[in-house]
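> can't give you the sequence, but here's the structure:
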């Protein structure tokens, strides 16, 4: 059995996460038991939710255990099998974690899933046709409840979730506006993803300035908003929400490394009679088949053109993850395991 490089959570952050919170170790891969398969990972997913798991506080996810391999989504191929349902060479997606190999009990429902790479690249099963894509689908379809002609807005629009949200929203006949950081990301959002407009939040020093930009981009107001960021961005969006608007709260990345972010004017929730709902996509597995079918079709037909930032080698994972938290990635952040 091969040696296996792993990255463990060595200690918890006291404030901002840093590279010294992680530790590279080499372990021996155990022999397979009946029902198990050995998967060699090709790509590892890096996602904002992982920052919350690094803390030992109240959260929707169990804290990451110290001295254990960091959890995370992976895609790869079966290289040894003791399970009749999986053969060597099968391409699979699972939660293999920050390591080169994983031993998976494939008898457990949902532990491993075969994927077809005929029309969808393997790496996209960690992004547009994976958990981030389904996250966008659920937030839009079930919470923002779009109607043709309405205006939908998403923050972090160039990322894995935001880009999928845009394609799904446009497919439903909505005016779709993104918020992203930097001219290159905004250009991609409009020209390649097909958004109607994109606002560069880095050009705005405060919520009032960003609110004015939103007024111009959303002349009929905002009916649905998908929240990934929080802070100034949420404060600005609230001022432009229409009566009975819907807000799907997916993340608050602006506050992941610091104190909780205050809300400047929460009374706007009442004034505009808004529906605001947070969600965790893993709690809604019933929608995954429908969502993945639509997302796969959008990618295969070129209506969704996801972009990826790829770091090379497991050793690069910590710095790539820290960069993700600061918005340095362009599109879905992956690690290619060499």
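Sure, I can see it. Bear in mind that the values here come from a model prediction, so they are computed numbers and not experimental data.
> hmm, which helix or strand of the chain has the shakiest average pLDDT?
For the chain, the helix or strand with the lowest mean confidence is helix 49-53, at a mean of 91 (criterion: mean pLDDT, DSSP states H and E).
> mind checking how far residue 237 is from residue 268?
Using Cβ to Cβ, to the nearest Å, residue 237 is found at 10 Å from residue 268. All C-beta atoms are positioned from the backbone trio N, CA, C, and that covers glycine.
> what does the domain assignment say about this structure?
Structural domains assigned to the chain are 3-127+307-336, 131-282, following automatic domain parsing.
> could you give the mean pLDDT of the last one?
Across domain 131-282, pLDDT averages out at 95.
> now the helices for the stretch 151-300 of the chain?
Using DSSP state H, counting those that start in this stretch, the helices of the stretch 151-300 of the chain run over residues 160-171, 183-191, 207-217, 232-238, 267-271, 288-300.
> Out of these, which is closest to residue 78?
helix 288-300 (20.6 Å; Cβ to Cβ).
> The closest one: which residues count as buried?
Neighbour-count burial for helix 288-300 flags 288, 291-292, 294-296, 298-299 (criterion: 16 or more other Cβ atoms under 10 Å).
> and what of stretch 2-15?
4-9.
> and it, how far apart are its ends?
Start and end residues of stretch 2-15 are separated by 37 Å (Cα to Cα, to the nearest Å).
> Residues in contact with it: which ones?
Applying Cβ atoms under 8 Å, 6 or more residues apart in numbering, the set of residues contacting stretch 2-15 from outside is 20-29, 54-56, 64-70, 97-101, 257-258, 314-315, 317-318.
> try 6 Å
With Cβ atoms under 6 Å, 6 or more residues apart in numbering as the test, stretch 2-15 has contacts from 21-27, 29, 54, 56, 64, 66-70, 98-101, 314, 317.
> how many neighbours does residue 37 have?
Residues near residue 37, counting by other Cβ atoms under 10 Å, number 25.
> which helices and strands does whatever helix or strand it lives in pack with?
Taking DSSP states H and E as the definition, residue 37 sits inside strand 36-45. With contacts taken as 3 or more Cβ pairs under 6 Å, 6 or more residues apart in numbering; DSSP states H and E, strand 36-45 sits against strand 74-81, strand 101-105, strand 332-336.
> Partner strands of that strand, with direction?
Counting by DSSP bridges, the strands paired with strand 36-45 are strand 74-81 (antiparallel), strand 101-105 (antiparallel), strand 332-336 (antiparallel).
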